[in-house]
Each structure stands twice: as structure tokens, then as C-alpha cells.
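Student: Sequence and predicted model, in that order:
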Amino acid sequence: MSLDDAQIVNVNNPQQPSSPDTTLQRHVLDLGSKRSRDSERYSSISMSHREINDGDARLVHVNDALKTNERFEFAGNSIKTAKYSLFSFLPRNLFEQFHRVAYIYFLIIAILNQLPQLAVFGRGASILPLSFVLLVTAVKDAYEDWRRHRSDRIENNRMASVLVSDRFQQKKWKDIQVGEIIRFSADDTIPCDTVLLSTSDPTGVAYIQTINLDGESNLKTRYAKQETLCKTPEKDVINGFIKCEKPNRNIYGFMATMEIDGKHLSLGPSNIVLRGCVLKNTNWAVGVAVYCGRETKAMLNSSGAPSKRSRLETRMNREIILLSVFLVALCMAVSVCAGVWLKRHENELEVLQFYRKKDYSEPEVENYNYSGIGMEIFFTFLMSVIVFQIMIPISLYISMELVRVGQAYFMIRDNKMYDETSNSRFQCRALNINEDLGQIKYVFSDKTGTLTENKMEFKYASIFGVDYSGEKTNFEGEQRGYSIQVNGQVWRPKMKVEVDKELLELSKDGNNTEAGKHIYDFFLALAACNTIVPIVVDTPDPAEKLVDYQGESPDEQALVYAAAAYGFMLMERTSGHIVIDIQGERQRFNVLGMHEFDSDRKRMSVILGFPDGSVKVIVKGADNSMFNIIDKTLNLDILKATEGHLQSYSSIGLRTLVVGMRELGVPEFERWQSSYETASTAVMGRVALLRKVAINLENNLEIVGASAIEDRLQKGVPEAIESLRKADMKVWVLTGDKQETAISIGYSSRLLTSNMHQVVINSNSKMSSKTSLEDALITCRNFLVPGGSDGNTTSVALIIDGTSLVYILDTELEEQLFELASNCAVVLCCRVAPLQKAGIVALIKKRTDDMTLAIGDGANDVSMIQMADVGIGISGQEGRQAVMASDFAMGQFRFLVPLLLVHGHWNYHRMGYMILYNFYRNAVFVLVLFWYVLFTGFTLTTAITEWSSVLYSILYTSVPTIVVAILDKDSSRRSLMAYPQLYGAGQRHESYNSTLFWLTIADTLWQSIVVFYVPLFAYWKSDIDGSSLGDLWTLAVVFLVNIHLAMDVIRWTWVSHASIWGSIIATCICVVIIDVIPVLPGYWAIFDLASKGSFWVCLLGMSIAAVVPRFGVKMFIQHCKPSDIQIAREADKFGSSMELARQEIELNPSRR
């Protein structure tokens, strides 16, 4: 955006009041032109935290790719996100799949079965289960990688304009090299990390959108150096090189120096545009490639969030080890018994038919390979492992993955978690921890943007000790707020702001009164001290334009909109100046320097050259940071009044900033200028030097005023927090805001209540922190004494600030903090840094087995999100860094309630049940085989056909398990939302624990005995063959496990019916098909068997007898000792809606 010079008050306008110091005025005017040559001012403090040195530098020769790459061949610009090639797919994919120990186990089993001495099943049949699992996974991986290859091909073949032989020519992205000069036009995507040389803007500014990089849609400014701005690459020879840091993942940092035409220049983050960014509001830009392909910051950051492992799966491994021990015990029992049997029949082996030494089944007698009792025992053990192999359920891993995909689908499609304001649905970014959502005990939440909307609105102002918090006007009716005339068009701020009537009138007085002068300074500071970029957007009315203030900080946007509402409208920003319309008069201010906000100083400053020739430094920042640099000898009464206003603003939950200002004299300005130049061009320690320069400048300020901004609570936050606390979750809020603001938000969000006793810790040393913790522990214990404060931990809330945490975390005081915090219902941490947030989460994780969840919306929440067991990102106003680092993402905090209380509960219950059911399903089949071995001389022969053994886990019983684990609901959504206490079932591990595991094994043992011995005794003296019995046992086991599953289904659907009863029908069909194939054993056996009534009697009798104990125990528990879930389910089933509304359900106190 540019304005005609006629619309701007000229710096040399003789009507402007002249400075008494004409030397300073001339100096500032000269510096105004020099400022436009030093566009790196905006990069002053936002440097990479890594310092550059010769050993870590790369040398890039501008417009000379050959020389750049002759010593070190840097990466080309071709990218590859695909994992496999045509030749590497098979070996690499298999290698990755066999990282699962269970797969190695089944591979060993399949190899053993290929040996003649150990061949129990057919060689093909033994390989089929593992091959099927490997094939399904390989097909899935191949499809995903094919999509990556296709995406890479499209990306690499995009075209860019590259300087070749003094002419810009089209070149594929993949062919671009480091050192080449590239030109891109408006709306072009940047092909590689590029240092800007020139732009279409005369001052060298370019606007970029980084939504593809960090998700932020606001425009950001980047600048070309003045020394290269005037050069035309096609005509002018550009001789020089760039010395920059080696490729790294820090997308917000860049450190380099550039030698151009003998001049030494510094480069920072504001001089580089990264791959994936889009050029906006700029006709064209030219730059030199410094990082290409896999070395670009975008590609280095493409690895995603760290992988987390489900707590339930971790516990499951313990039971798999127990099953392995049980398997070994069965195999040892069989092998030892076989050894005893061989010893007892040692003298009969020569004539014993069909055994080890002689085979009399053929006319010509053949010898068996008999290796002696010792080796036979060993071979028997290995054969036992082969026969009983499905004790370790290989299908369980595939089933868990499919179930998680199904659960994720229903979470994503849940309209209760759809955010209309942002048009965003719930995102499931990590499929492997769905069930952990049902076991959360601690919730760590950010405040701004997570509990609040992060849509800032200017509310009040304290200007030079005067509080302006009176009646507000919202410009309804014909009055539509402040506007200006530009080239016959009306320009208005895009966002309306309610204004204070008195302050609005006083702001129109300008510098004519004392109060007007202070108001002038205040709003000028709000309009100037920021990094906001004004963008003019069209409206349906061609005579009207809207000014949209784009910036990375919602606070800054609110302040600039407020300044515009009071007549101080920012119109233009370049690297060297800003233009502000002040009550209808356009004024231009030279931006002589800027120290941007950083977390150490907690403030930012700008050095402005005023139209009258004076130079002033304007600083705004957090109150605790600003009061340390304000001259307290000046206007002490004003300072005290401002502190009182800040206290009152904070007490009602408003965010506050303090503004200060002072004028710079010639000597001081020259000293700052020299120090700034030295620091910004330093090769070593640039960040520290620039910070020191800023600190030396920001002192002895005169207070101008303070602002109060409202960040409203999101819809439903108080109700959500109340529900989480009823679910026995401890909610901790970790915020960078001041204590009073955090406490106010705590009350409005119902995190804090009036009957809570607040324990506040604000310490400035380790000793005082220790004393405060000890006193707080004593206080807390007094409130926990029975009879005191209701004998309830809900009466204590801990409030602690970041300064105290500096002396507590990572010291011996951590244990005391943990003891104190674990006895408090609420913990509120104020003024905490991002790493402190992660440290607090780690404090709980290291000392408890409870599940933790962290939720936030900004880059400062990333470390906390990644540290917690479950990380949730809010897609809010601060970009998408938190979302990209999270396991799950949503639009509003209130969606946490249905996510945890409903989907989390369902996911945990379903997954816990499915794991136990898989153990049972496989174990009952193995035990039937084991009982048969005892009656066949321990020879490991099986009555059940090898194909039925193979298909048992793959086809006969797998589908119902998966369907039920995706669709079954042990309680309705209404009950789970109405009674948050039901969530405690997951916290207490009621659906999966050691007790349930051993009860399942006991039930399995009983059912296997019934299935095996009922047919055995029923056909004891009959002439039935082994194959017929094998078919009966196969059908009996399949009938039984499906009936078992049907008994536990709570909510039936047609899909559940189809899967369970369809599985039984499919098994019958498969058994028939197997028995009609003449080459397979058991030819026609099922037809002979099913033609007799005893078959059907046995099948029915086994099914009933096997489940009777389980049925009896379930009935006893439900009637005599029901769980909370069962009580709620009965109420939901039999109670009407009105009755449920009136009815008080008494949950079991012992389970709370």
C-alpha cells in the first residue's frame, strides 16, 4: 500500500514546529534516508537463538551456483517425502514390520514348521496367518507411499523463474540450486529458503503468508537490503556472498551476514522467506536460494510430533508376557510327559505302529528319524510351540489398529465437537492413544486462547493517572466510527471498537491542552509501537475501503484498532517509516529502530523520528517489566494511580500493558546507533548484544499510561470445567498472565469458588520458596483434617507464580511442591514460561502413574503438549503450532467434555474388553488342543484341521470382535454427560486390570474343559473318527466365543447382529467346504456328524454349560454389587426423561 506524497505531512514542512536542537533535526533527517537502507531493524531481536561461527557456517555465492557447490555439494531442491522406492520397498517394509516382536515370534514358528522333524501343520498353512498380516500392512503402506510419490512428483515439477545467463527463465523446482537467483510474483509459492534481494516496493518490503508453514493466516513482513534493492539482476552484476548458519529446524530464526560490493551487511529472520510461504500484496520479489530441498526449514520440520504409546497397550504387554510364560508351561508339560511316555514304552518303539522308529503303513517298512529321548523331548517342545502358537494373538495387533481407525472416524464425525465459528471438525492426529482419553486424571490448560477466545477487545485506558473506564459508545446508527478520505474514497477500520465518550472528546483536542497532550502521546504510542501491517481491502461499495490490521499478536491488533477508533489511524508501514492519520492530518514518522518483544525483556520498543525533528523511544510491555525501567522520581503520584488502575483492571480479568516514552538527545542517540550497528552486524553473540543494546536504551522512561484489553471466556468453559472436576479430574491452569488476571478468570470459569482457601506462593529466592512451601503444606494439612473445611481437598487452591517455580523446579523442593499440589483441587500457575509449563507436567508424570492431558493453542504450549500423555491443540488465533504438535485437535475448550467423558470412556471400555476377549478367544482354542494332546500319546497330532486352525483368528472370530469394539456403548451419551462421575471407571482401570485378566483365564479354563470333554465322553465308545470330533470342536468353540461376545454386547445394532451370527454361519460354510475337498483330511466328516442328533445335542449342551458360570456371576454382580455404569444404564433404560431429571442416582461411594 502506498500513498501520494501530497497526502502526507512533509517532514520539512515549515509549518511544523521546529526543534530547538537543529543539529539533531538534521541528523534525524539524514538518518531517515539511512534508515531505509537498513531494513534489518525489524530483525533486531528476533534472531535465532543459535549463534553463528565459522565452523557452523555455509558460504553461498550470489548468482554463482557452480562456485557455491564446488567445495560442498549442497542439497538440490528436489524433495522426497516417500519412504520407499521400487527396489527398497520389500526389504525395508518387512524390516519395519518385524520391529514388532510378535511378528518375529510367528516368523520363527513358521520356520520351525518347515523342518521335517517339526512339521505339524502343512507348510503353506503355517505361513498363511503371518503372510496375511504382512500383506495387509504392506498394501496399506504401499498405497500411502504411492500417494507420497505422486505428491512429490507434482511438487518437484512446479515451475519457477530462475536467472540463467542474465535472463529469467522457467525452471523446475527440483533443478534449482543453492546460490541461484529466483524471481517470484504475487501469489506465488516460494520454492526454497531464499534471502530477499529486491522487491516491487521501493523500500524493499514484501508481504508473505505462512499458512503452509505454521498455519497462521496473518500477513508478515520481510525486507530486502537497500544495498541490493537498487540492483537489477538482468543488467547489474551482483558480486558477493552470504555466510549463513547451517540448516536447522528453527522457522523463526535465521542468522547470516552478506558481503555485497565490498559492504558487510547483517541478515536476520526478516530478510529470508521460507519454502512454502506465499507472496502477497507484493507484485514481485527477487532473492537468492540459501537452503534447498531437504535442507529447507519446512522439510526439516516435516517429521511431525513425537510418537506416544498407549498406556493400555503398555499394560497389555505385561499380560502377553504372562501368556508367554503360560505357553511355555504348556509346552514343557507336553514335552516332559512325552519324555516319560517314551521312556515307559522304550522297548515297544520297534513294533509300535505309526510312531517313531518304524512305519508299517506301507508295504515297504521305513524308518523314522528317531533321535533319542533327549532330542525327542526337545522336538516335542518346539512342536508344542507350533501347535499352541495362537496363545499369543497376532490378530490382536491388526484388530487394535482397525478399531482405532473406526473410533477415530466416529470422533471426527461427532457434530457435538464441530466448531461452527471456525468451520472445523475434531482432528485425530495420533491413532494409537484413543483409549488413553478415558483414563485422564490431570488436565493442564493454557488460559489465553484456550479458556478464552483470544479475540481481544480494547476496554479501558489509564492515561497519565486518569482512569477512562466510563460510558461506552458503539457507533450505532449513522455514526460509523472514525474514517478518513483517501483519493475520494472512505477508509474505515475493519473492526469497530466501543469508545469512551469523554476520552473521545478529549482526543480531538490534540496538543492544545495538558490532558490532550497526554492522550496524544498515548494513542500515538499504541499506533506506532507494534509490528502491525495495514492492508486495504475492498468492499461491495467501491467508494469505501476497509483497513485490516494484520499482525501476529491479537493484543497488538486490538490496540491499533483502538487507536484508530480514537482518531490515530495507522495507514502505511514500510521498513523505514510509518504513516498515521491523526485527527484528519496525515503524518509520517521515520522508524529509526525497533527492538521486538522477547520473553526475557517482556516488552518491545521503537525509536521514532518525529516530524519536528525530535527522536523518541516508545516502549510498551508487561507491568512488572515496565515498572522496573520507569523513572520513579518523576510523577510518583501518577505512577501510584496507574498501579491502582492496573490492579482494578486485573481484578476483573482484563489483560494489561503499560506504555512509557522518553526523548533521546544527540549524544545518546548516536551512542545507541553505534551500538545497534555493531550488534546487528556481529557474527558472534548477535542475540545477546542486541538484547543488551535494548536494555541500555529502555530506561528512565516517563509513564504515559496503561491499556486494558478483554479476552472473553469461550462459550461453555465454566460448565466444562465443572464437569471435568465432577469426573474427579484435577484441572491446572498454566498461564503467562499476571496473577490478578488469572485469579479473576479462575472465578469466572468456576475453577475457583468462594469457599476455597487460596494458598498463594510468590517468592524471589530459593530460601523464601522453601519457607513458603513449608507454610503452605501446614496450611493445607489443617484444611484436610476431618471436620476442618468439610475434610475435603476441594477446599484448597494453590496459586504460584513463575518466579517461584524458577527456584523450585529441578531442585529438591520439587517433592514438596508435588505433595502440596497433589492435595489441592486446583492449581493456578501465573507468569510461567513455556519450559516451565512442560516442567510442571513432568513433575506429575515422574511421581504418579496417573494419565496427564495438556491443552493449549499457541507456540508457547507446544512443549507442554508434547510432554503430556495426551496433547490437545486448540485451532485458535495464535496459529497452528499447537495443533501441529498435538495428538488431537479441536476448535473449543468445551469439546473436551464430550471427548473425554463420552468418546474417551467408550474407547477405553471397548479396547479393554477387546484385549481381554482376544486373550480368551485364543486361549480357549489352545486349551482344547492341549487337552487333546493328553489323549494322543503327546504326539502333537490335532483333530482340528490345519486350515481351521489358521482361519480361526483370521476369519471365524475376528470380525465380530472389531465391530463390537467400534460400535458397542456400555452407557448412553446422555448418562455419561449427565453423570461425569461415571468417567471414574477408566481412572480406576475397571475395564482392564489384573483381576479381570485372571478371571478371564479361569473362565477360559472352564469353557475349554466343557468344550473338550463333553464330546469326548458323549462319543467315548462310538466309532467316530478324529476329524469328525475336530469339526465338532471347531464349531463348538466358534459358537461359544460368539455367544460369549453376544452376552457382553450392551447396545445391539444390525451390524453387530450381522457380524456375530454371520461369523457363525461363515464358519459352518468354511467347515463344509474344507470337508468336501478330497485331498484334505476329514473328507465328508461334517455330513456324517451332522446327520446324527447327538451332534446337535452336544453343540447345544456345550454352549449352555460353558457359559452358565459366567452368566451366574454376571447376574450376581449386577443385582448385588452393581457398578456405577450399570446403575446409570438401568436408569437410562427404564427411567423416562422426566424421571431422570428428578431422580438422584446414588453412585457407589467406594468407587468415587
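Tutor: Sure, I can see it. Numbering: from 1, shown residues only.
Student: Every contact and neighbour count from this point should use C-alpha atoms.
Tutor: Fine.
Student: Unless I misread the structure, residue 570 falls within a helix.
Tutor: No: the assignment for residue 570 is strand, going by DSSP: H, G, I helix; E, B strand; the rest coil, so no helix is present there.
Student: Please identify the buried residues of stretch 142-161?
Tutor: For stretch 142-161, the neighbour count (16 or more other C-alpha atoms under 10 Å) marks 142, 145-146, 148-149, 152, 155-156, 159-161 as buried.
Student: Show residues contacting that stretch.
Tutor: Surrounding stretch 142-161, the residues in contact under the criterion C-alpha atoms under 8 Å, 6 or more residues apart in numbering are 77-84, 89, 168-174, 182-184, 191.
Student: Going by neighbour count, which of the residues you listed are buried?
Tutor: In these, the ones that pass as buried (16+ other C-alpha under 10 Å) are 77-80, 82-84, 89, 168, 171-174, 182-184, 191.
Student: from the residues you listed, which ones fall inside strands?
Tutor: Taking DSSP state E as the definition of strands, the buried ones among the contacts of stretch 142-161 contribute 168, 171-172, 182-184.
Student: where does the stretch 501-650 of the chain dip in pLDDT?
Tutor: Scanning the stretch 501-650 of the chain for pLDDT under 70 picks out the ranges 599.
Student: helices and strands around the top strand by length along the chain, which ones?
Tutor: Once the chain is assigned using DSSP E, the strand that runs over the most residues is strand 585-595. Taking 3 or more C-alpha pairs under 8 Å, 6 or more residues apart in numbering; DSSP states H and E as contact, the helices and strands that strand 585-595 lies on are helix 22-37, strand 577-582, strand 603-609.
Student: Could I get the buried residues of stretch 142-161 in TSV, plus columns for distance to residue 700?
Tutor: What follows is the buried residues of stretch 142-161, written out as TSV (distance: C-alpha to C-alpha, whole Å):
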residue	distance to residue 700
142	66
145	61
146	63
148	58
149	60
152	56
155	54
156	55
159	55
160	52
161	52
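Student: Can you pull the domain assignment for the chain?
Tutor: Recorded structural domains for the chain (assignment: the TED database) are 176-302, 304-392, 395-409+903-1123, 427-450+714-784+792-890, 454-472+483-712.
Student: for the record, mean pLDDT for the shortest one?
Tutor: Here domain 304-392 scores 77 as its mean pLDDT.
Student: Kindly report the same for the third one.
Tutor: Averaged over domain 395-409+903-1123, pLDDT sits at 89.
Student: gap between the two ends of that domain?
Tutor: As for domain 395-409+903-1123, its first-to-last residue distance stands at 31 Å under the measure C-alpha to C-alpha, to the nearest Å.
Student: Check the offset of that domain from the chain's centre.
Tutor: Centroid displacement of domain 395-409+903-1123 relative to its chain, using C-alpha atoms, centre = their mean, to the nearest Å, is 38 Å.
Student: One more: stretch 436-448?
Tutor: In this view, stretch 436-448 has its centroid 13 Å away from the chain centroid, taken as C-alpha atoms, centre = their mean.
Student: Kindly export it (C-alpha atoms) in CSV.
Tutor: Taking Å, rounded to 0.1, in the frame of the first residue of the first chain, the C-alpha atoms of stretch 436-448 are listed here in CSV:
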residue,chain,number,x,y,z
ASP,A,436,-6.0,-43.0,26.9
LEU,A,437,-8.7,-40.4,26.6
GLY,A,438,-10.7,-42.5,29.0
GLN,A,439,-8.1,-42.6,31.8
ILE,A,440,-7.2,-38.9,32.3
LYS,A,441,-6.6,-37.7,35.9
TYR,A,442,-4.7,-34.4,35.4
VAL,A,443,-5.7,-31.7,32.9
PHE,A,444,-3.2,-28.9,32.2
SER,A,445,-4.6,-26.0,30.4
ASP,A,446,-3.4,-22.7,29.0
LYS,A,447,-5.6,-19.7,29.6
THR,A,448,-5.4,-17.3,26.7
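Student: any idea how far residue 586 lies from residue 580?
Tutor: For residue 586 relative to residue 580 (C-alpha to C-alpha), the value is 6 Å.
Student: what about these two, which has more around it?
Tutor: Neighbours per residue, other C-alpha atoms under 10 Å: of residue 586 and residue 580, the larger number sits with residue 580, 23 against 19.
Student: got a list of what that one touches?
Tutor: Contact analysis of residue 580 by C-alpha under 8 Å, 6+ apart lists 527, 568-572, 586-589.
Student: where in the stretch 101-250 of the chain is pLDDT low?
Tutor: 101, 116-126, 212-218.
Student: All the strands of it, residue numbers only.
Tutor: Secondary structure of the stretch 101-250 of the chain (DSSP state E, counting those that start in this stretch): strands located at 159-164, 167-172, 181-185, 193-199, 205-209, 219-223, 240-245.
Student: Work out the sheet partners of the last one and label each with its direction, please.
Tutor: Spelled out, it's strand 240-245. Counting by DSSP bridges, the strands paired with strand 240-245 are strand 57-61 (antiparallel), strand 256-260 (antiparallel).
Student: do the first one as well
Tutor: Sheet neighbours of strand 159-164, with direction, are listed as strand 167-172 (antiparallel), strand 181-185 (antiparallel) (DSSP bridges).
Student: could you redo those strands as a markdown table and give each row distance to residue 963?
Tutor: What follows is those, written out as a markdown table (distance: least, C-alpha to C-alpha, whole Å):
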| stretch | distance to residue 963 |
| --- | --- |
| strand 167-172 | 49 |
| strand 181-185 | 53 |
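Student: No further questions, thank you.
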